[in-house]
Structures are given as C-alpha cells and as structure tokens.
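K.L.:
build me a structure from this.
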Amino acid sequence: MKTYLDSPDRVGLHLTDEDLALAHALQLNGRASFTEIAAVLGVSDQTAARRFARLRTTGKLRVLGLTDPFRLGDLSWFVRVRCTPDASASIGSALARRTDTTWVNLTSGGTETMAAIRARGPGLEEPFLVQKLPRTPRVVDVSAHCVLHVFFGQDLGFINKSGPLTDAQVAALTPRPPDGGRTAGSEPVVLDDRDRLLLDLLARDGRAPVGELAAVTELSESTVRRRINDLRAEGVLYFDVDYHPDVLHRKLRIALWLEIDPARLAEAGAALAAHPEVSFAAAVTGATNLYASIQVESAQLLYRYLTQTVSGLPGLRHTVTTPIHRTLKGPGPYPLPPELQLSVL
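P.N.:
Coordinates of the predicted model:
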C-alpha cells in the first residue's frame, strides 16, 4: 500500500496562512485561550478553536507542555549511534518508543541514528541507555555529548523566526515575565508526585482542559491553574508546538557540529542562534562543542550558508555537517498516537 512517505506531493500536510498564524500564536503561548488568540488574530474564538481542532486531529500539530532539565537538576545528552544501514530504522524506532528520548533522527545516509536523551540527576555519568547500546547487534559505535547550555530552542521554535505575526501581535501573545521566578544559579526545583503527574499529562497534551487535569491529579481546578503558573514562573514548564515531521521543514535539514575556541563559545553560540537557518543551537561536550540544527531550501543555499555565514563565526576551528533524512520523534517524550500518525498517510 502506498503511504504518505512514498508520495512526492506530501498531500494534506500544507499549512495555510491562517494555520501558520495560529501555530505562531501557540508557540508564543501554548495555553492562551482561544478568546485571547482570536482577538490577536482578528478571527472569532470559534474559528480559532475549530482550526486548532482540525490541525490536531489530522496529526499536523499538537501543543506539548515540556520541562527544562536544568531547572530540575537533570541533564540532556545527544547520543549518536552508528550502525549498519539495515539497522538504523529499527534502532531509531526502538529509541522513539522510549519516554527518556526526544528528537530521534535518522542521519548520515541511514548509517546513524541520533537522539536526545534525558538523564535524571546532575552527574555526568552516561545515561544507562548509552551503556546498553554498544551491546546491540549491528551497532558500530556510540558517542554521547552532554548539553551544557541552550542558545536557541525549547520554547523558541523555528516559527518564531519565520512566522507571520507582526511585532505587535507577538507582544500581545507573549506572556509577561513573572515577578521573581528563575534566576541564574537557582537551585533545582523539587517536584512532588502530583507535580510529576501534572507535568506528565501536559507532556501528552499541553492544552488539556483544566477540569481534566484536576480530575486525574485529584487537585482543585484553582490549584491546577496556580501550579501551572508557578511551574512556568520557576522556569520548569514551557510549551512547544510539535509538528508532523514534514509540515514545516525545509528541503534540506542538517546537523551542524562545530569546534569553537572555548573562549569564544558563548559569543559564537549567541551569533549562531540568531541565524534564520537555525532551529536549535546548544553548547555540548566533546571535540565539536557547539551543535545546531539547520534548515535550508537547497544544496546551493547550504553551501552559501556554510561558506559565507558559518565560516565567519568567532573562534571557529572545524565544521562537520550531517544530513538529517527522517525524524521519528519530535520534542516531547511521547510520539504521536497511532491514530494521528495514520490520519496523515
């Protein structure tokens, strides 16, 4: 049977201008009410709600409530698994099913799988999965790179740079910075069991109604609202829009690994984060100490970007590019439900 991935037309995944405006609004404030969103977009709240329902039920996008590992005292790792070409899809699928992984990609012509892995606790011990993977048949090599600082990503998505909303609309939808909350060097936030349950529910559906969240957590609706606000203020909780892998991506996606003079790393990372081509940028451990995810429309534009823009980064010593061929899992710990995956085939 012919599937969506076999189709050159990518039928059914195009976002209209109105869809893009809604997606941009949700990236700015994932739990904004449809009344708030509608007022900014100049449509009725029923139109905004109906448009979101259509996008979500067809698997084009969903809003996720995610957590910053640094604020919880956890660490994130980029794990690169080199394997025989016949094994990459099965290894990638197995990694995507795990709840401690995000952003599982097939790269390097099908000879590598790359995943972001969350490890509990602040120690630099490799995640258990990294110790287990080398014993997997057909795995050639495993390397792990700890994420030290995020320059662009988390609540900032690619649509923040390319979205259709005006500066005034962006300002109207962006939540005001909380009084107090996270400060540099803050101690990790300690969660109780109900906090973890609430965050787990939001990781599945960031716009889940307060009543449903209250029923499952056995908290009052006012307590749920207050706790969500507190977790956002503390920098623990943020909201991101997860798209079907082929909705917004440009034609070429590249994992960019850069070796930067350590004294210039912060400067280079900030400069890289501002590039329109960059959808994620972070400082990592390893010989290539700056990582970015790049999106461009053509090989010619990639060549121009690498030779004219990346080459000018301060302290640049070495560049490695790795093509991303397929995304098996997006930013959250849970993949799209099967019924939503099938609806876009």
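K.L.:
drop to CA atoms for contacts and neighbour counts, all remaining ones
P.N.:
OK.
K.L.:
for Ile117, name its beta-bridge partners.
P.N.:
Beta-bridge partners for Ile117, by DSSP bridges, are Trp77, Thr101.
K.L.:
that one touches Trp77, doesn't it?
P.N.:
Yes. Contact criterion Cα atoms under 8 Å: Ile117 and Trp77 qualify, at 5.1 Å.
K.L.:
list the contacts of Ala172.
P.N.:
Residues in contact with Ala172, defined by Cα atoms under 8 Å, 6 or more residues apart in numbering, are Val40.
K.L.:
with just CA atoms, put the helix or strand harbouring it into PDB.
P.N.:
Using DSSP states H and E, Ala172 sits within helix 167-173. Taking C-alpha atoms only, helix 167-173 is exported to PDB below (Å, rounded to 0.1, in the frame of the first residue of the first chain):
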ATOM      1  CA  ASP A 167       5.700  42.500  16.300                       C
ATOM      2  CA  ALA A 168       2.600  43.900  17.900                       C
ATOM      3  CA  GLN A 169       0.800  40.600  17.700                       C
ATOM      4  CA  VAL A 170       3.900  38.800  19.100                       C
ATOM      5  CA  ALA A 171       4.000  41.200  22.000                       C
ATOM      6  CA  ALA A 172       0.300  40.800  22.700                       C
ATOM      7  CA  LEU A 173       0.600  37.000  22.900                       C
END
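K.L.:
could you pull out the buried residues of the helix or strand following that helix?
P.N.:
As assigned by DSSP H and E, the chain's next helix or strand after helix 167-173 is helix 193-204. By 16 or more other Cα atoms under 10 Å, the buried positions in helix 193-204 come out as Asp195, Leu198, Leu199, Asp200, Leu201, Leu202, Ala203, Arg204.
K.L.:
for the third one, what are its contacts?
P.N.:
Contacts here follow Cα under 8 Å, 6+ apart; on that basis Leu199 touches Gly65, Leu66, Thr67, Leu237.
K.L.:
identify the residues contacting stretch 33-43?
P.N.:
Contacts of stretch 33-43 (Cα under 8 Å, 6+ apart): Ala21, Leu22, Ala25, Ser44, Asp45, Gln46, Thr47, Ala48, Ala49, Gln169, Ala172, Leu173.
K.L.:
low-confidence ranges, the stretch 51-200 of the chain, go.
P.N.:
Under the criterion pLDDT under 70, the flagged ranges of the stretch 51-200 of the chain are 122-136, 178-185.
K.L.:
which stretches in it count as strands?
P.N.:
Assigned by DSSP state E, counting those that start in this stretch, the stretch 51-200 of the chain shows strands spanning 61-67, 75-83, 101-107, 112-119, 139-152.
K.L.:
reformat these as JSON lines; add distance to Arg250 and mean neighbour count.
P.N.:
Formatted as JSON lines, the strands of the stretch 51-200 of the chain follow (distance: least, Cα to Cα, whole Å; neighbours: other Cα atoms under 10 Å):
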{"stretch": "strand 61-67", "distance to Arg250": "16", "mean neighbour count": "24"}
{"stretch": "strand 75-83", "distance to Arg250": "22", "mean neighbour count": "23"}
{"stretch": "strand 101-107", "distance to Arg250": "15", "mean neighbour count": "25"}
{"stretch": "strand 112-119", "distance to Arg250": "19", "mean neighbour count": "24"}
{"stretch": "strand 139-152", "distance to Arg250": "18", "mean neighbour count": "18"}
